[in-house]
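Colleague: next one to model:
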Amino acid sequence: MTDAPLIAVLDDEPEIRRLLAAALEQAGFRTQSFGRATEFEAALRRITPDACLIDLGLPDRDGLALVHRLAADSGAAIIIVSGRAQVQDRVTGLELGADDYITKPFEPAEVVARIRARLRRPAQGAASRPQTLRFAGWTADFDRYLLIAPDGAETPLSHAEAEVLRMFTDNPRRLITRSQMLETLGGTAGDSFDRAMDVRISRLRTKLGEDPKNPRLIKTIYGAGYIFLAEIG
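Modeller: All right, here's what the predicted structure looks like:
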């Protein structure tokens, strides 16, 4: 099926690549697999994956640095699949822009379910939700993962940043609590989720030219959550 979502698998272990590709293709996804970061990065010039499964222990590149670059430059969902099980690795991966973190060993069915959850969420109600929204002189283009400034300058949004911005634009001038963010965006409750959300909101504020000490659009209500103050046009 040519319109099936494309999943890129980057892992230096051939058996894991085969295992993931088989499970994903059986579930109806298309896949392309890579054993080295250089091969994967070269392929990104000709393919546009909907999601990327990234191992951190790569032979030719730091996996976290790759995740950080992908989050800044790509609209793909990014899921780390790694043998690093320490909490700090999980926190760092999420802070650098990953949408999810799965530790090895894993069940292939769990990976498929996590990808489906990540790809399903932006599409919910897509037929009735405009993909281009305007607020306070800015334009958010969710189809192209772009934030367009009042002067026309374009800034790419990561998949995770676009999810957070969509959550705000869907709920303008309403308090959004941490529990509501967790329910809307998915994830696991705890410090790693909270820190990842803080980082993504900080990045959104930076891209929106906000004063970090006195933001106009995304207000923090300490102990409660956040409020997006712009009118949506």
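Colleague: so how far is the lowest-mean-pLDDT helix or strand in the chain from its chain's centroid?
Modeller: Least confident helix or strand of the chain, by mean pLDDT, DSSP states H and E, is helix 108-123 with a mean of 78. Helix 108-123 has its C-alpha centroid displaced from the chain centroid by 12 Å (C-alpha atoms, centre = their mean, to the nearest Å).
Colleague: does residue 31 have beta-bridge partners, and which?
Modeller: Counting by DSSP bridges, residue 31 forms beta bridges with residue 7.
Colleague: check contacts around residue 18.
Modeller: With contacts taken as C-beta atoms under 8 Å, 6 or more residues apart in numbering, residue 18 has the following neighbours: residue 33. To be clear about C-beta, it is placed using only N, CA and C from the backbone, and glycine gets the same treatment.
Colleague: let's see it at 10 Å
Modeller: 9, 11, 33 (C-beta atoms under 10 Å, 6 or more residues apart in numbering).
Colleague: where along this protein do the strands fall?
Modeller: 6-10, 30-34, 51-54, 77-82, 100-103, 132-135, 138-141, 146-148, 154-156, 175-177, 218-221, 225-228 (DSSP state E).
Colleague: okay, those strands in JSON lines with distance to residue 94 next?
Modeller: Listed next are these as JSON lines, based on distance: least, C-beta to C-beta, whole Å:
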{"stretch": "strand 6-10", "distance to residue 94": "18"}
{"stretch": "strand 30-34", "distance to residue 94": "23"}
{"stretch": "strand 51-54", "distance to residue 94": "13"}
{"stretch": "strand 77-82", "distance to residue 94": "8"}
{"stretch": "strand 100-103", "distance to residue 94": "6"}
{"stretch": "strand 132-135", "distance to residue 94": "26"}
{"stretch": "strand 138-141", "distance to residue 94": "22"}
{"stretch": "strand 146-148", "distance to residue 94": "21"}
{"stretch": "strand 154-156", "distance to residue 94": "19"}
{"stretch": "strand 175-177", "distance to residue 94": "19"}
{"stretch": "strand 218-221", "distance to residue 94": "19"}
{"stretch": "strand 225-228", "distance to residue 94": "18"}
